[in-house]
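K.L.:
this one's sequence-less:
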Ligand code: MTE
Ligand code: MO
């Protein structure tokens, strides 16, 4: 592995691991802009950042259990209708550090910012699949294909030096409404190297691990991808499972992420000057489910008030309304007058009435994924 040609990164990122590079922005930076600037978007890598320098020769192979396999060059992908989808990408390990306080977990330690919201521009995977003879809303190809596997050009030690890979069900990949993209733009500009230049997959509403960067090939396969990150990682086990009794095959790979919300306007053990404070942050749910409500407590969860929510400043957010971005987070805000010592808590409810678990203990799992427990910050009023 070679880390001598990594791209430049913003100095304000908090680095959780250097090689491979894993970093997140300060939580306050996350809520300073509804669309996360590329510089402040978390970076999650499993190997060195690959270099693709001859873009005219770069291509993606689409093959496997399809009638007419094809090699697609960037020009072919750009010829397809271009879509812009605002979607929140969240690592399944977001908030892992807080989970490890219950009991040690394995994985990169993340605070609350392994998440970002971007406008992704590119071709729809459903259009690409049509090019190789797979019509929209196909569950099984005539030759038995049921899953769509994405293979990268990077090299990871977990794959014994092989590429990162993942798969999603064919029915999702071939559904135009699922908005799965082969993205070549992020926030209106060409993807940068950290985020997958020249082409990455974006699977909205699903944990970040399935949005494969630096795409090299797309395989239509009969069984789910057997790669490390599908079968030996990113699965959620019950609290009773440990490294001695783990049976990886007993669980399915995590796909949609659960309802999540985090306070970003306050750090833990903050000393604030005034008793009147603003409590704001992000809330998001997976699978295209909107946010129905965000509840705020200033007394550790005894009493609650409802926060206001928005996606575009000045426009009301109506969950599930077509004017809102179904794959994107909402920002919430509440003003409150707090006592001298306060435990501020936030919890969200999605449009399927899913709620966040009260405590991290009940969802503890050895890989430290899906920490969506009520978000708490301790605040003191002082000088
Ligand atoms: N794709 C490749 N090729 N290699 C990787 O290491 N990491 C995955 C996913 N795609 C990864 C990848 C994980 S775990 C996450 S959370 C997202 O990319 C992070 O995307 P970002 O770095 O653009 O934020
Ligand atoms: Mo991730």
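P.N.:
Great, that's in hand. None of the values given here were measured: they were computed from a predicted structure. Ligands and ions are numbered 1, 2, ... in the order given.

K.L.:
quick check: the residue of the stretch 151-300 of the chain nearest ligand 1.
P.N.:
Closest contact between the stretch 151-300 of the chain and ligand 1, by CB to the nearest ligand atom, is at residue 208 (2.6 Å). The way it works is simple: take the backbone N, C-alpha and C, and place the C-beta from them, glycine included.

K.L.:
list phi and psi for that residue.
P.N.:
phi -50, psi -30 (degrees, to the nearest 10).

K.L.:
and it, what does it touch?
P.N.:
44, 89-92, 114 (CB atoms under 8 Å, 6 or more residues apart in numbering).

K.L.:
do residue 240 as well
P.N.:
Applying CB under 8 Å, 6+ apart, no residues contact residue 240.

K.L.:
going forward, count from 46.
P.N.:
New numbering, starting at 46: the last item is residue 285.

K.L.:
tell me the pLDDT of it.
P.N.:
Reported pLDDT at residue 285 in the predicted model: 95.

K.L.:
what kind of secondary structure is it in?
P.N.:
coil (DSSP: H, G, I helix; E, B strand; the rest coil).

K.L.:
could you measure from it over to ligand 2?
P.N.:
24 Å (CB to the ion, to the nearest Å).

K.L.:
which bits of this protein sit near ligand 1?
P.N.:
86-91, 134, 136, 197, 199, 209, 240, 253-254, 256-259 (CB under 6 Å from any ligand atom).

K.L.:
which among those residues count as buried?
P.N.:
86-91, 134, 136, 197, 199, 209, 240, 253-254, 256-259 (16 or more other CB atoms under 10 Å).

K.L.:
about what we covered before: and which of the contacts of residue 253 is nearest ligand 2?
P.N.:
residue 136 (3.3 Å; CB to the ion).

K.L.:
grab the nearest non-local neighbour of that closest one.
P.N.:
Distance criterion CB to CB, 6 or more residues apart in numbering; nearest residue to residue 136, sequence neighbours excluded, is residue 159 at 3.9 Å.

K.L.:
what helices or strands is the helix or strand of the chain with the lowest mean pLDDT leaning on?
P.N.:
Every helix and strand of the chain was ranked by mean pLDDT, DSSP states H and E. The lowest is strand 315-317, at a mean of 88. Packed against strand 315-317 by the contact rule (3 or more CB pairs under 8 Å, 6 or more residues apart in numbering; DSSP states H and E) you find strand 420-426.

K.L.:
can you give me the helices in the stretch 46-195 of the chain?
P.N.:
Using DSSP state H, counting those that start in this stretch, the helices found in the stretch 46-195 of the chain span residues 72-75, 119-124, 141-145, 170-176.

K.L.:
so can I have TSV of those showing mean pLDDT and mean neighbour count?
P.N.:
Listed next are the helices of the stretch 46-195 of the chain as TSV, based on pLDDT from 0 to 100; neighbours: other CB atoms under 10 Å:
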stretch	mean pLDDT	mean neighbour count
helix 72-75	96	19
helix 119-124	98	14
helix 141-145	97	21
helix 170-176	98	21
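
K.L.:
quick one: contacts for the residue positioned nearest the centre of the chain?
P.N.:
The centre of the chain sits closest to residue 135, judged by CA atoms, centre = their mean, with a distance of 2.1 Å. Residues near residue 135 by CB under 8 Å, 6+ apart: 159-160, 252-253, 302, 305, 329.

K.L.:
what distance do you get for the closest residue in space to it that isn't next to it in sequence to residue 417?
P.N.:
With sequence-adjacent residues excluded and distances taken as CB to CB, 6+ apart, residue 135 is closest to residue 160, at 4.2 Å. Separation of residue 160 from residue 417 (CB to CB, to the nearest Å): 12 Å.

K.L.:
now list whatever residues contact both of these two.
P.N.:
residue 305.

K.L.:
ok, back up a step: contacting ligand 2 as well, which ones from the buried ones among the residues of the chain next to ligand 1?
P.N.:
Restricting those to those near ligand 2 by CB under 5 Å from the ion leaves 89, 136, 253-254.

K.L.:
keep only those of those residues that are in strands.
P.N.:
Among these, the members falling in strands (DSSP state E) are residue 89.

K.L.:
from the ones next to ligand 2 among the buried ones among the residues of the chain next to ligand 1, which single one is nearest residue 72?
P.N.:
Among these, residue 136 lies closest to residue 72 (CB to CB), at 14.8 Å.

K.L.:
quick one: that closest one and residue 157 touch, right?
P.N.:
No. With contact defined as CB atoms under 8 Å, residue 136 does not count as touching residue 157 (11.1 Å).

K.L.:
tell me where the stretch 96-245 of the chain has strands.
P.N.:
Taking DSSP state E, counting those that start in this stretch to define them, one finds strands in the stretch 96-245 of the chain at 104-109, 115-118, 128-135, 160-169, 192-197, 210-214, 226-231, 234-235, 245-247.

K.L.:
just give the nearest non-adjacent residue to residue 78, would you?
P.N.:
residue 85 (7.8 Å).

K.L.:
run a quick neighbour tally on the one you found.
P.N.:
Applying other CB atoms under 10 Å, we find 19 residues neighbouring residue 85.

K.L.:
what about it, distance to residue 140?
P.N.:
For residue 85 relative to residue 140 (CB to CB), the value is 18 Å.

K.L.:
can you check residue 343 too?
P.N.:
From residue 343 to residue 140 the distance is 21 Å (CB to CB).

K.L.:
more neighbours, those two?
P.N.:
residue 140 (26 against 21).
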